[in-house]
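Undergrad: Dropping a prediction and its sequence here:
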Amino acid sequence: MKNIAEDIWVHEDQMKMAGAPLRLRMTVVRLSDGRLWVHSPTALSPALEQEVNNLGEVAFIVGASNGHNKWLQQWQQAFPEAGLYVSGGIPDKLHLTKYQLLDEHFDNLWHDDLEREYMPGVSFFQESVFLHKKSKSLIVTDFIQNYSDETPPGLAGVITKCIFRPLGFKGMCVAPPLKMGFTIKDKQSFADFVSRVKNWPFERIIVTHGDIIEDNAGEVFAGLCSRFFK
């Protein structure tokens with residue numbers, strides 16, 4: 001775990017996607033009541049579990065975008081007293097029975113510490129994004145990504161160069177599916193969502209895939225999302 005600001009930590013991990021390495025980042029926030037909020041959990045090792053326990057009591061486990069479900073049940077089993085909060089596509093994938101849905105009707109119970117916005121009209125993600133007020137950190141899952149990695153060797157490199165990068169998985173980017181107009185069903189509602197997030201006072205973007213964006217985060221976000229206001 002790496003402490004990046006007051007009451008917020010990240011953990012770096014990775015997995016394979018079509019044979020190529022995909023970097024992952026979990027974010028842990030200590031709320032004002034001392035309990036922990038865990039966003040996009042990664043694989044839980046005994047060492048990581050001990051590190052997290054040293055920070056406080058895990059009270060909330062958050063899977064905020066449809067593709068991020070792989071380790072949720074592992075965390076739910078390790079921390080059975082914690083609430084599980086997930087995007088709309090996750091319950092059917094995992095056959096969940098005990099969870100709360102992060103949809104447009106969700107009442108943000110973390111409002112003292114975190115602002116929350118729901119990405120409307122994008123059934124592919126159904127993502128929620130968050131602002132940690134204390135550290136001025138925008139926390140996203142798939143919405144914004146930042147790839148600075150060198151091309152890996154072997155077949156993974158071929159896949160990266162010939163498939164992922166042409167699709168848009170390179171540098172600082174919005175999630176490539178969002179660049180395909182048909183994935184956004186209500187463009188005006190989506191533009192309003194982007195505008196509200198853009199107006200948050202964040203100074204960094206904690207992405208789940210790639211490098212944290214620390215420099216000129218607001219300008220970077222506005223530039224990446226300018227397409228949605230056309």
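TA: Cool, the structure landed.

Undergrad: Run through this structure and note the low-pLDDT ranges.
TA: Scanning the chain for pLDDT under 70 picks out 15-21, 148-171, 230.

Undergrad: would you list every one of the helices in it?
TA: With DSSP state H as the definition, the chain shows helices at residue ranges 46-55, 72-78, 90-94, 154-159, 165-167, 187-198, 217-224.

Undergrad: closest one to Thr208 among those?
TA: Thr208 sits nearest to helix 72-78 of all these, at 13.7 Å, using CB to CB. All C-beta spots, glycine's among them, are computed from the backbone N, C-alpha and C.

Undergrad: Show me what the closest one is packed against.
TA: strand 58-63, strand 83-86, helix 90-94 (3 or more CB pairs under 8 Å, 6 or more residues apart in numbering; DSSP states H and E).

Undergrad: quick one: that helix to chain centroid distance?
TA: Helix 72-78 sits 18 Å away from the centroid of its parent chain (CA atoms, centre = their mean, to the nearest Å).

Undergrad: swap in stretch 178-192?
TA: Centroid separation for stretch 178-192 versus its chain: 19 Å, with CA atoms, centre = their mean.

Undergrad: show me the contacts for Asn108.
TA: Counting by CB atoms under 8 Å, 6 or more residues apart in numbering, Asn108 makes contact with 114-116.

Undergrad: could you redo the last one with a cut-off of 10 Å?
TA: Applying CB atoms under 10 Å, 6 or more residues apart in numbering, we find Asn108 in contact with 102, 114-118, 128, 130.

Undergrad: Can you tell me how far Lys133 is from Leu96?
TA: As defined by CB to CB, to the nearest Å, Lys133 lies at a distance of 29 Å from Leu96.

Undergrad: cool, and His105?
TA: For His105, the distance to Leu96 equals 18 Å [CB to CB].

Undergrad: Compare those two and say which is more crowded by neighbours.
TA: Higher neighbour count among His105 and Leu96: Leu96, with 17 against 7, using other CB atoms under 10 Å.

Undergrad: Report the buried residues of stretch 198-213.
TA: Across stretch 198-213, burial judged by 16 or more other CB atoms under 10 Å covers 198, 200, 202, 204-210, 212-213.

Undergrad: Pull up the distance across stretch 181-191, start to finish.
TA: Chord length of stretch 181-191, first to last residue, is 13 Å (CA to CA, to the nearest Å).
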